[in-house]
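> coords please:
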Amino acid sequence: MSSPPVAPPGWSRWLVPPAALSVHLSIGQAYAWSVFKPPLESALHLDGTDSALPFQLAIVMLGLSAAFGGTLVERNGPRWAMTVALVCFSSGFLISALGAQTEQYWLIVLGYGFVGGIGLGIGYISPVSTLIKWFPDRPGMATGIAIMGFGGGALIASPWSAQMLESFGSDHSGIALAFLVLGLSYAVFMSLGVLLVRVPRAEGPAAGGPRAHAGAQVSARSAVRTPQFWCLWVVLCMNVTAGIGILEKAAPMITDFFADTSTPVSASAAAGFVALLSAANMAGRIGWSSTSDLIGRKNIYRLYLGAGALMYLLIALFGDSSKPLFVLCALVILSFYGGGFATIPAYLKDLFGTYQVGAIHGRLLTAWSTAGVLGPLIVNWIADRQEAAGKHGSALYGLSFSIMIGLLVVGLVANELVRPVHSRHHVPAPREAADVQRQQSA
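This is a model prediction of the structure:
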(Lines give C-alpha, C1' and ligand atoms only; values in the text may rest on other atoms or scores of the structure.)
Protein backbone atom coordinates (compact mmCIF):
# COMPACT_ATOMS: atom_id res chain seq x y z
CA MET A 1 0.00 0.00 0.00
CA SER A 2 1.38 3.40 -0.95
CA SER A 3 1.86 6.15 1.59
CA PRO A 4 0.19 9.53 1.09
CA PRO A 5 2.18 12.18 -0.76
CA VAL A 6 4.30 14.40 1.44
CA ALA A 7 3.55 18.10 1.09
CA PRO A 8 6.08 20.00 -1.04
CA PRO A 9 7.79 23.08 0.39
CA GLY A 10 5.37 25.99 0.60
CA TRP A 11 2.27 23.81 0.79
CA SER A 12 -0.44 25.55 2.80
CA ARG A 13 -1.67 23.60 5.78
CA TRP A 14 -5.08 25.29 5.33
CA LEU A 15 -5.76 22.98 2.38
CA VAL A 16 -5.93 19.98 4.72
CA PRO A 17 -9.10 20.87 6.72
CA PRO A 18 -11.20 21.10 3.51
CA ALA A 19 -9.91 17.65 2.53
CA ALA A 20 -11.05 16.28 5.88
CA LEU A 21 -14.32 18.19 5.68
CA SER A 22 -15.21 16.62 2.32
CA VAL A 23 -15.13 13.20 3.97
CA HIS A 24 -16.91 14.16 7.18
CA LEU A 25 -19.69 16.11 5.46
CA SER A 26 -20.35 13.01 3.37
CA ILE A 27 -20.40 10.40 6.12
CA GLY A 28 -22.45 12.78 8.26
CA GLN A 29 -25.38 11.63 6.12
CA ALA A 30 -25.85 8.94 8.77
CA TYR A 31 -27.71 11.44 10.95
CA ALA A 32 -30.28 11.85 8.15
CA TRP A 33 -31.29 8.17 8.01
CA SER A 34 -34.67 8.97 9.57
CA VAL A 35 -35.74 10.55 6.25
CA PHE A 36 -35.76 7.06 4.71
CA LYS A 37 -37.55 5.30 7.57
CA PRO A 38 -41.21 6.10 6.66
CA PRO A 39 -40.80 5.36 2.91
CA LEU A 40 -39.03 2.07 3.67
CA GLU A 41 -41.70 1.05 6.16
CA SER A 42 -44.42 1.75 3.61
CA ALA A 43 -42.69 0.29 0.54
CA LEU A 44 -41.25 -2.84 2.14
CA HIS A 45 -43.88 -3.37 4.88
CA LEU A 46 -41.50 -2.91 7.82
CA ASP A 47 -42.08 -1.80 11.39
CA GLY A 48 -40.12 0.94 13.17
CA THR A 49 -37.65 -1.46 14.73
CA ASP A 50 -36.81 -3.06 11.37
CA SER A 51 -36.39 0.28 9.60
CA ALA A 52 -33.93 1.44 12.29
CA LEU A 53 -31.70 -1.62 11.87
CA PRO A 54 -29.43 -0.28 9.07
CA PHE A 55 -28.66 2.84 11.10
CA GLN A 56 -28.06 0.91 14.32
CA LEU A 57 -25.73 -1.54 12.58
CA ALA A 58 -23.90 1.35 10.90
CA ILE A 59 -23.17 2.97 14.28
CA VAL A 60 -22.00 -0.34 15.73
CA MET A 61 -19.71 -0.89 12.73
CA LEU A 62 -18.46 2.70 13.05
CA GLY A 63 -17.16 1.97 16.53
CA LEU A 64 -15.77 -1.46 15.68
CA SER A 65 -14.06 -0.44 12.44
CA ALA A 66 -12.57 2.65 14.09
CA ALA A 67 -11.25 0.52 16.95
CA PHE A 68 -9.85 -2.32 14.87
CA GLY A 69 -8.85 -0.25 11.84
CA GLY A 70 -7.14 2.57 13.71
CA THR A 71 -3.69 1.01 13.52
CA LEU A 72 -4.06 0.42 9.77
CA VAL A 73 -5.07 4.05 9.32
CA GLU A 74 -1.92 5.17 11.18
CA ARG A 75 0.30 2.76 9.24
CA ASN A 76 -1.02 3.50 5.75
CA GLY A 77 -1.87 7.17 6.08
CA PRO A 78 -4.89 9.40 5.47
CA ARG A 79 -5.11 8.94 1.68
CA TRP A 80 -5.43 5.17 2.06
CA ALA A 81 -7.98 5.60 4.83
CA MET A 82 -10.06 8.12 2.89
CA THR A 83 -10.02 5.82 -0.15
CA VAL A 84 -11.26 2.87 1.93
CA ALA A 85 -13.96 5.11 3.43
CA LEU A 86 -15.02 6.29 -0.03
CA VAL A 87 -15.25 2.77 -1.43
CA CYS A 88 -17.13 1.32 1.55
CA PHE A 89 -19.50 4.23 2.15
CA SER A 90 -20.44 4.66 -1.51
CA SER A 91 -20.67 0.89 -2.10
CA GLY A 92 -23.02 0.68 0.86
CA PHE A 93 -25.45 2.98 -0.93
CA LEU A 94 -25.12 1.06 -4.20
CA ILE A 95 -25.83 -2.27 -2.47
CA SER A 96 -28.78 -0.61 -0.70
CA ALA A 97 -30.07 0.65 -4.05
CA LEU A 98 -30.03 -2.91 -5.35
CA GLY A 99 -31.81 -4.09 -2.22
CA ALA A 100 -34.53 -1.45 -2.54
CA GLN A 101 -35.03 -2.12 -6.25
CA THR A 102 -35.35 -5.88 -5.72
CA GLU A 103 -37.26 -5.42 -2.42
CA GLN A 104 -34.63 -7.43 -0.55
CA TYR A 105 -34.34 -5.57 2.75
CA TRP A 106 -31.43 -7.67 3.96
CA LEU A 107 -29.33 -6.10 1.20
CA ILE A 108 -30.09 -2.63 2.59
CA VAL A 109 -29.05 -3.80 6.06
CA LEU A 110 -25.88 -5.33 4.61
CA GLY A 111 -25.09 -2.35 2.38
CA TYR A 112 -25.88 0.67 4.51
CA GLY A 113 -25.35 -0.98 7.89
CA PHE A 114 -22.37 -3.30 7.50
CA VAL A 115 -20.40 -2.10 4.45
CA GLY A 116 -21.34 1.55 4.81
CA GLY A 117 -20.72 1.40 8.56
CA ILE A 118 -17.12 0.35 7.94
CA GLY A 119 -16.78 3.43 5.72
CA LEU A 120 -18.20 5.55 8.54
CA GLY A 121 -15.63 4.35 11.07
CA ILE A 122 -12.56 4.53 8.83
CA GLY A 123 -13.71 7.86 7.38
CA TYR A 124 -14.34 9.34 10.81
CA ILE A 125 -10.79 8.74 12.07
CA SER A 126 -9.00 9.12 8.70
CA PRO A 127 -7.91 12.78 9.03
CA VAL A 128 -7.44 13.04 12.80
CA SER A 129 -3.70 12.42 13.29
CA THR A 130 -2.83 14.27 10.07
CA LEU A 131 -4.73 17.39 11.17
CA ILE A 132 -3.07 17.30 14.60
CA LYS A 133 0.38 17.05 12.97
CA TRP A 134 -0.39 19.99 10.67
CA PHE A 135 -1.82 22.11 13.51
CA PRO A 136 0.28 21.34 16.62
CA ASP A 137 -0.50 24.85 17.86
CA ARG A 138 -4.30 24.52 17.48
CA PRO A 139 -5.25 20.83 17.46
CA GLY A 140 -8.70 21.45 18.94
CA MET A 141 -9.62 23.90 16.20
CA ALA A 142 -8.28 21.65 13.44
CA THR A 143 -10.12 18.51 14.50
CA GLY A 144 -13.18 20.61 15.31
CA ILE A 145 -13.41 21.84 11.73
CA ALA A 146 -13.46 18.29 10.36
CA ILE A 147 -15.68 16.72 13.00
CA MET A 148 -18.06 19.67 12.64
CA GLY A 149 -18.74 18.25 9.19
CA PHE A 150 -19.99 14.98 10.64
CA GLY A 151 -22.46 16.86 12.82
CA GLY A 152 -23.56 19.08 9.95
CA GLY A 153 -23.75 16.48 7.20
CA ALA A 154 -27.42 15.83 7.93
CA LEU A 155 -28.27 19.50 7.39
CA ILE A 156 -27.38 18.89 3.73
CA ALA A 157 -28.41 15.27 3.37
CA SER A 158 -31.82 15.55 5.05
CA PRO A 159 -33.49 18.12 2.75
CA TRP A 160 -31.65 16.73 -0.27
CA SER A 161 -32.88 13.18 0.40
CA ALA A 162 -36.42 14.41 1.09
CA GLN A 163 -36.43 16.32 -2.21
CA MET A 164 -35.22 13.26 -4.13
CA LEU A 165 -37.91 11.06 -2.59
CA GLU A 166 -40.48 13.66 -3.57
CA SER A 167 -39.16 13.81 -7.13
CA PHE A 168 -38.44 10.10 -7.67
CA GLY A 169 -41.34 8.78 -5.60
CA SER A 170 -41.32 7.05 -2.24
CA ASP A 171 -41.94 3.54 -3.57
CA HIS A 172 -39.13 0.98 -3.70
CA SER A 173 -37.91 2.20 -7.11
CA GLY A 174 -37.78 5.82 -5.95
CA ILE A 175 -35.85 4.85 -2.82
CA ALA A 176 -33.43 2.81 -4.95
CA LEU A 177 -32.79 5.76 -7.26
CA ALA A 178 -32.21 8.07 -4.28
CA PHE A 179 -29.68 5.61 -2.83
CA LEU A 180 -27.96 5.41 -6.22
CA VAL A 181 -27.64 9.19 -6.53
CA LEU A 182 -26.32 9.48 -2.98
CA GLY A 183 -23.73 6.76 -3.51
CA LEU A 184 -22.37 8.26 -6.73
CA SER A 185 -22.47 11.85 -5.48
CA TYR A 186 -20.66 11.08 -2.25
CA ALA A 187 -18.01 9.13 -4.20
CA VAL A 188 -17.25 12.24 -6.24
CA PHE A 189 -17.28 14.58 -3.24
CA MET A 190 -15.10 12.34 -1.04
CA SER A 191 -12.60 11.94 -3.88
CA LEU A 192 -11.75 15.62 -3.45
CA GLY A 193 -10.40 14.79 0.01
CA VAL A 194 -8.49 11.79 -1.31
CA LEU A 195 -6.77 13.91 -3.96
CA LEU A 196 -6.10 16.93 -1.75
CA VAL A 197 -4.79 15.39 1.48
CA ARG A 198 -1.06 15.67 2.26
CA VAL A 199 1.11 14.81 5.24
CA PRO A 200 3.65 17.30 6.61
CA ARG A 201 7.32 16.89 5.84
CA ALA A 202 9.04 14.88 8.58
CA GLU A 203 12.12 17.07 8.77
CA GLY A 204 10.36 20.39 9.35
CA PRO A 205 7.38 22.05 10.91
CA ALA A 206 3.98 22.15 9.31
CA ALA A 207 4.03 24.67 6.50
CA GLY A 208 3.18 28.03 7.89
CA GLY A 209 2.85 26.71 11.43
CA PRO A 210 5.09 26.23 14.45
CA ARG A 211 7.12 23.10 14.97
CA ALA A 212 5.33 20.39 16.92
CA HIS A 213 6.65 19.76 20.39
CA ALA A 214 8.41 16.42 20.66
CA GLY A 215 6.97 15.59 24.07
CA ALA A 216 5.95 12.16 25.27
CA GLN A 217 4.85 9.66 22.62
CA VAL A 218 2.82 6.55 23.43
CA SER A 219 1.85 3.68 21.11
CA ALA A 220 -1.75 2.57 20.77
CA ARG A 221 -0.92 -0.80 22.31
CA SER A 222 0.52 0.89 25.40
CA ALA A 223 -2.16 3.58 25.60
CA VAL A 224 -4.99 1.12 26.23
CA ARG A 225 -3.04 -0.19 29.23
CA THR A 226 -2.97 3.20 30.94
CA PRO A 227 -5.55 4.51 33.43
CA GLN A 228 -5.62 7.76 31.47
CA PHE A 229 -7.13 6.02 28.43
CA TRP A 230 -9.91 4.45 30.48
CA CYS A 231 -10.60 7.68 32.34
CA LEU A 232 -11.10 9.39 28.98
CA TRP A 233 -13.21 6.44 27.82
CA VAL A 234 -15.53 7.07 30.76
CA VAL A 235 -15.49 10.84 30.15
CA LEU A 236 -16.48 10.45 26.49
CA CYS A 237 -19.08 7.76 27.21
CA MET A 238 -20.81 9.82 29.91
CA ASN A 239 -20.81 13.01 27.84
CA VAL A 240 -22.19 11.27 24.75
CA THR A 241 -24.80 9.36 26.77
CA ALA A 242 -26.11 12.65 28.19
CA GLY A 243 -26.30 14.32 24.79
CA ILE A 244 -27.76 11.44 22.81
CA GLY A 245 -30.38 10.92 25.52
CA ILE A 246 -31.97 14.20 24.42
CA LEU A 247 -31.04 14.07 20.72
CA GLU A 248 -32.61 10.67 20.05
CA LYS A 249 -35.99 11.58 21.61
CA ALA A 250 -36.01 15.35 21.14
CA ALA A 251 -39.33 15.84 19.33
CA PRO A 252 -41.54 13.64 21.56
CA MET A 253 -39.69 14.90 24.66
CA ILE A 254 -40.51 18.59 24.14
CA THR A 255 -44.06 17.64 23.17
CA ASP A 256 -44.50 15.63 26.38
CA PHE A 257 -43.02 18.35 28.59
CA PHE A 258 -45.61 20.91 27.53
CA ALA A 259 -48.55 18.63 26.72
CA ASP A 260 -50.37 19.55 29.94
CA THR A 261 -49.80 23.29 29.66
CA SER A 262 -51.85 26.01 28.02
CA THR A 263 -49.27 26.26 25.20
CA PRO A 264 -48.60 22.74 23.86
CA VAL A 265 -45.88 22.21 21.28
CA SER A 266 -47.02 21.48 17.72
CA ALA A 267 -45.41 18.87 15.48
CA SER A 268 -43.85 21.56 13.30
CA ALA A 269 -42.44 23.36 16.34
CA ALA A 270 -41.01 20.07 17.62
CA ALA A 271 -39.32 19.53 14.22
CA GLY A 272 -37.88 23.03 14.45
CA PHE A 273 -36.52 22.18 17.89
CA VAL A 274 -34.74 19.15 16.40
CA ALA A 275 -33.17 21.38 13.73
CA LEU A 276 -31.96 23.79 16.42
CA LEU A 277 -30.37 20.91 18.30
CA SER A 278 -28.53 19.84 15.14
CA ALA A 279 -27.21 23.38 14.70
CA ALA A 280 -26.05 23.48 18.34
CA ASN A 281 -24.38 20.08 17.88
CA MET A 282 -22.49 21.38 14.85
CA ALA A 283 -21.57 24.76 16.35
CA GLY A 284 -20.29 23.14 19.54
CA ARG A 285 -17.86 21.00 17.57
CA ILE A 286 -15.92 23.97 16.25
CA GLY A 287 -16.68 26.53 18.99
CA TRP A 288 -15.91 24.55 22.13
CA SER A 289 -13.01 22.59 20.62
CA SER A 290 -11.36 25.86 19.54
CA THR A 291 -11.92 27.22 23.04
CA SER A 292 -10.10 24.19 24.44
CA ASP A 293 -6.93 25.40 22.69
CA LEU A 294 -7.10 28.49 24.91
CA ILE A 295 -8.21 27.12 28.28
CA GLY A 296 -7.00 23.51 28.11
CA ARG A 297 -8.66 20.17 27.55
CA LYS A 298 -9.29 19.26 31.20
CA ASN A 299 -10.96 22.61 31.84
CA ILE A 300 -13.25 22.34 28.81
CA TYR A 301 -14.41 18.89 29.92
CA ARG A 302 -15.08 20.30 33.37
CA LEU A 303 -17.43 22.67 31.58
CA TYR A 304 -19.04 19.94 29.45
CA LEU A 305 -19.69 17.65 32.39
CA GLY A 306 -20.28 20.09 35.25
CA ALA A 307 -22.39 22.61 33.36
CA GLY A 308 -24.11 19.73 31.55
CA ALA A 309 -25.25 18.29 34.86
CA LEU A 310 -26.53 21.75 35.86
CA MET A 311 -28.50 22.05 32.60
CA TYR A 312 -30.16 18.68 33.21
CA LEU A 313 -31.01 19.75 36.77
CA LEU A 314 -32.61 22.99 35.54
CA ILE A 315 -34.72 21.09 32.99
CA ALA A 316 -35.79 18.55 35.60
CA LEU A 317 -36.80 21.24 38.10
CA PHE A 318 -38.15 24.06 35.93
CA GLY A 319 -38.24 22.81 32.33
CA ASP A 320 -42.01 22.25 32.15
CA SER A 321 -42.73 25.82 33.31
CA SER A 322 -40.61 27.68 30.75
CA LYS A 323 -40.14 26.82 27.09
CA PRO A 324 -37.19 29.21 26.65
CA LEU A 325 -35.41 27.61 29.62
CA PHE A 326 -36.06 24.09 28.31
CA VAL A 327 -34.83 24.95 24.80
CA LEU A 328 -31.78 26.90 26.03
CA CYS A 329 -30.64 24.12 28.38
CA ALA A 330 -31.13 21.47 25.68
CA LEU A 331 -29.13 23.53 23.18
CA VAL A 332 -26.27 23.91 25.65
CA ILE A 333 -26.26 20.16 26.36
CA LEU A 334 -26.15 19.39 22.62
CA SER A 335 -23.34 21.89 22.06
CA PHE A 336 -21.38 20.04 24.77
CA TYR A 337 -22.25 16.75 23.05
CA GLY A 338 -20.74 17.96 19.78
CA GLY A 339 -17.84 19.69 21.49
CA GLY A 340 -16.93 16.50 23.34
CA PHE A 341 -16.50 14.62 20.07
CA ALA A 342 -14.32 17.33 18.55
CA THR A 343 -12.14 17.93 21.62
CA ILE A 344 -11.27 14.33 22.46
CA PRO A 345 -8.62 13.87 19.70
CA ALA A 346 -6.73 16.91 21.00
CA TYR A 347 -7.02 15.62 24.59
CA LEU A 348 -5.52 12.31 23.39
CA LYS A 349 -2.73 14.18 21.64
CA ASP A 350 -1.93 16.09 24.85
CA LEU A 351 -1.63 12.84 26.82
CA PHE A 352 -0.24 10.35 24.29
CA GLY A 353 1.47 12.50 21.64
CA THR A 354 0.97 12.35 17.90
CA TYR A 355 2.74 9.03 17.30
CA GLN A 356 -0.39 6.84 16.96
CA VAL A 357 -3.12 9.25 18.02
CA GLY A 358 -5.44 8.12 15.21
CA ALA A 359 -5.30 4.51 16.35
CA ILE A 360 -5.83 5.52 19.98
CA HIS A 361 -8.79 7.66 18.93
CA GLY A 362 -10.27 4.72 17.06
CA ARG A 363 -10.11 2.53 20.15
CA LEU A 364 -11.66 5.25 22.28
CA LEU A 365 -14.67 5.48 19.95
CA THR A 366 -15.98 2.23 21.40
CA ALA A 367 -17.25 4.58 24.12
CA TRP A 368 -19.51 6.12 21.45
CA SER A 369 -20.90 2.73 20.49
CA THR A 370 -21.65 2.04 24.17
CA ALA A 371 -23.26 5.44 24.71
CA GLY A 372 -25.30 5.05 21.51
CA VAL A 373 -27.03 2.09 23.17
CA LEU A 374 -27.00 3.40 26.75
CA GLY A 375 -28.47 6.88 26.23
CA PRO A 376 -31.60 5.95 24.24
CA LEU A 377 -32.11 2.85 26.40
CA ILE A 378 -32.20 4.90 29.63
CA VAL A 379 -34.57 7.57 28.32
CA ASN A 380 -36.92 5.32 26.32
CA TRP A 381 -37.12 2.40 28.74
CA ILE A 382 -37.82 4.59 31.76
CA ALA A 383 -40.36 6.72 29.85
CA ASP A 384 -42.20 3.56 28.77
CA ARG A 385 -42.24 2.24 32.35
CA GLN A 386 -43.45 5.57 33.74
CA GLU A 387 -46.20 5.78 31.13
CA ALA A 388 -47.30 2.25 31.98
CA ALA A 389 -47.48 3.37 35.62
CA GLY A 390 -49.96 6.10 34.65
CA LYS A 391 -47.59 9.08 34.60
CA HIS A 392 -47.50 11.64 31.81
CA GLY A 393 -45.89 14.89 30.69
CA SER A 394 -42.55 15.83 32.24
CA ALA A 395 -42.98 13.11 34.88
CA LEU A 396 -41.98 10.58 32.21
CA TYR A 397 -38.41 11.93 32.28
CA GLY A 398 -37.67 12.86 35.90
CA LEU A 399 -35.91 9.62 36.79
CA SER A 400 -33.92 9.39 33.54
CA PHE A 401 -32.72 12.98 33.94
CA SER A 402 -31.57 12.20 37.47
CA ILE A 403 -29.60 9.25 36.09
CA MET A 404 -28.04 11.52 33.44
CA ILE A 405 -26.94 13.95 36.15
CA GLY A 406 -25.33 11.07 38.02
CA LEU A 407 -23.54 9.84 34.89
CA LEU A 408 -22.18 13.33 34.18
CA VAL A 409 -20.85 13.54 37.74
CA VAL A 410 -19.12 10.17 37.19
CA GLY A 411 -17.56 11.62 34.02
CA LEU A 412 -16.50 14.74 35.94
CA VAL A 413 -14.71 12.60 38.54
CA ALA A 414 -13.00 10.55 35.79
CA ASN A 415 -11.78 13.77 34.17
CA GLU A 416 -10.29 14.93 37.48
CA LEU A 417 -8.37 11.65 37.74
CA VAL A 418 -6.52 12.24 34.45
CA ARG A 419 -2.80 12.75 35.02
CA PRO A 420 0.24 12.80 32.70
CA VAL A 421 1.14 9.36 31.36
CA HIS A 422 3.94 7.58 33.25
CA SER A 423 7.27 7.48 31.40
CA ARG A 424 7.29 3.68 31.33
CA HIS A 425 4.63 3.85 28.61
CA HIS A 426 6.60 6.26 26.41
CA VAL A 427 8.04 5.19 23.06
CA PRO A 428 11.84 5.68 23.02
CA ALA A 429 12.77 8.55 20.74
CA PRO A 430 15.14 6.62 18.39
CA ARG A 431 12.53 3.89 17.90
CA GLU A 432 9.87 6.47 17.23
CA ALA A 433 12.00 8.14 14.59
CA ALA A 434 12.74 4.81 12.94
CA ASP A 435 9.08 3.83 12.94
CA VAL A 436 8.03 7.12 11.38
CA GLN A 437 10.68 6.81 8.69
CA ARG A 438 9.66 3.20 7.94
CA GLN A 439 5.95 4.18 7.69
CA GLN A 440 6.74 6.96 5.20
CA SER A 441 8.95 4.73 3.03
CA ALA A 442 6.54 1.76 3.05
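> Just want the phi and psi numbers for residue 426.
Main-chain torsions, residue 426, degrees, to the nearest 10: phi -70, psi 150.
> I figured it hits residue 216, correct?
Yes - Residue 426 is in contact with residue 216 according to CB atoms under 8 Å; the separation is 5.0 Å. For every residue, glycine as well, the C-beta is placed using N, CA and C.
> immediately after the helix or strand containing residue 287, which helix or strand?
According to DSSP states H and E, residue 287 maps onto helix 267-295. Reading on from helix 267-295 to the C-terminus, the next helix or strand found by DSSP H and E is helix 297-302.
> ok, and what's touching that following helix?
Identification of contacts with helix 297-302 by CB atoms under 8 Å, 6 or more residues apart in numbering yields 140, 235, 239, 288-289, 291-292, 339-340, 343, 346-347, 350, 411-412, 415, 418.
> and with 7 Å instead?
Residues outside helix 297-302 that contact it (CB atoms under 7 Å, 6 or more residues apart in numbering): 235, 288, 291, 292, 343, 346, 347, 350, 412, 415, 418.
> How much space separates the residue of the chain most remote from its centre from residue 323?
Most distant residue from the mean C-alpha position of the chain: residue 262, 37.6 Å away (CA atoms, centre = their mean). Per CB to CB, to the nearest Å, residue 262 is found 11 Å from residue 323.
> Residue 344 now?
For residue 344, the distance to residue 323 equals 32 Å [CB to CB].
> quick one, which of these two is more surrounded?
residue 344 (29 against 17; other CB atoms under 10 Å).
> For the more buried one, which non-adjacent residue is spatially closest?
residue 236 (5.6 Å; CB to CB, 6 or more residues apart in numbering).
> and the one you found, what is it in contact with?
With CB under 7 Å, 6+ apart, residue 236 has these contacts: 340, 344, 364, 367, 368.
> Okay, and residue 421 sits in which element?
Applying DSSP H and E, one finds residue 421 in no helix or strand.
> Would you check that it makes contact with residue 216?
Yes - with contact defined as CB atoms under 7 Å, residue 421 counts as touching residue 216 (6.1 Å).
> So for residue 139, what's the nearest residue that isn't a sequence neighbour?
Counting by CB to CB, 6+ apart, the residue nearest residue 139 is residue 346, at 4.0 Å.
> Tell me how far the one you found lies from residue 193.
With CB to CB as the criterion, residue 346 and residue 193 are 21 Å apart.
> again, but for residue 237
29 Å.
> Comparing these two, which residue is more hemmed in?
Legend: neighbour count by other CB under 10 Å for residue 237 and residue 193, higher for residue 193 (28 against 24).
> got the contact list for that one?
Contact partners of residue 193, counting by CB under 7 Å, 6+ apart, are 19, 20, 22, 23, 82.
> Could you check the pLDDT of the last one?
At residue 82, the model reports a pLDDT of 95.
> Quick check: what element follows whichever strand or helix holds it along the chain?
Assessed by DSSP H and E, residue 82 sits inside helix 48-101. The helix or strand immediately downstream of helix 48-101 is helix 105-108, counting by DSSP H and E.
> List the buried residues in that next one.
Neighbour-count burial for helix 105-108 flags 105, 107, 108 (criterion: 16 or more other CB atoms under 10 Å).
> where's the residue lying closest to the last one once chain neighbours are set aside relative to residue 109, distance?
The shortest distance from residue 108 to any non-neighbouring residue, by CB to CB, 6+ apart, is to residue 99 (4.1 Å). Residue 99 is 8 Å from residue 109, where distance means CB to CB.
> Who has more neighbours out of those two?
Shown here are residue 99 and residue 109; by other CB under 10 Å, residue 99 has more neighbours (24 against 20).
> Quick check: pLDDT value at the more buried one.
96.
> cool, and residue 252?
Reading off the model, residue 252 has pLDDT 81.
> wait, what's in contact with it?
Counted by CB under 7 Å, 6+ apart, residue 252 has zero contacts.
> One more pass at 10 Å, please.
Listed by CB atoms under 10 Å, 6 or more residues apart in numbering, the contact set of residue 252 reads 259, 265, 270, 379, 380, 383, 396.
> Name the nearest residue to the third one, ignoring sequence neighbours.
The one in question is residue 270. Nearest residue to residue 270, sequence neighbours excluded (CB to CB, 6+ apart): residue 251, at 4.0 Å.
> Could you report the neighbour count for residue 189?
15.
> which SSE is it in?
helix 172-196.
> Mind giving me the packing neighbours of whichever helix or strand comes after that helix?
Downstream of helix 172-196, the next assigned helix or strand under DSSP H and E is helix 220-223. In terms of contacts (3 or more CB pairs under 10 Å, 6 or more residues apart in numbering; DSSP states H and E), helix 220-223 is packed against helix 48-101, helix 227-247, helix 323-352, helix 357-364.
> How far off centre is stretch 45-57?
For stretch 45-57, the distance from its own C-alpha centre to the chain's C-alpha centre is 21 Å (CA atoms, centre = their mean, to the nearest Å).
> what's the answer for stretch 123-140, then?
On CA atoms, centre = their mean, the centre of stretch 123-140 falls 15 Å from the chain's centre.
> Pull out the buried residues from that stretch.
So, applying 16+ other CB under 10 Å, buried residues of stretch 123-140: 123-136, 138-140.
> Same check on stretch 373-390?
Residues 374, 375, 376, 378, 379, 382, 383, 386 are the ones in stretch 373-390 that count as buried (16+ other CB under 10 Å).
> Just the element for the third one, please.
Think residue 376. Going by DSSP H and E, residue 376 is in helix 366-388.
> And the next helix or strand past that helix?
Following helix 366-388 toward the C-terminus (DSSP H and E): helix 398-416.
> Would you mind measuring from the residue nearest to residue 96 when sequence neighbours are not counted to residue 194?
With sequence-adjacent residues excluded and distances taken as CB to CB, 6+ apart, residue 96 is closest to residue 111, at 3.9 Å. Per CB to CB, residue 111 is found 21 Å from residue 194.
> Which one's more surrounded, the two?
The residue with more neighbours, out of residue 111 and residue 194, is residue 111; 26 against 21, by other CB under 10 Å.
> Just list the residues touching the more buried one, thanks.
Applying CB under 10 Å, 6+ apart, the residues contacting residue 111 are 54, 58, 88, 91-100, 117, 179, 183.
> one more time with 7 Å
So residue 111 contacts 92, 93, 95, 96, 99 (CB under 7 Å, 6+ apart).
> same thing with residue 371?
The neighbourhood of residue 371, defined by CB under 7 Å, 6+ apart, consists of 237, 240, 241, 244.
> cutoff 10 Å now
Residues counted as contacts of residue 371 (CB under 10 Å, 6+ apart) are 63, 236-245, 337, 407.
> Do I have it right that residue 280 meets residue 311?
No - with contact defined as CB atoms under 10 Å, residue 280 and residue 311 do not form a contacting pair (11.7 Å).
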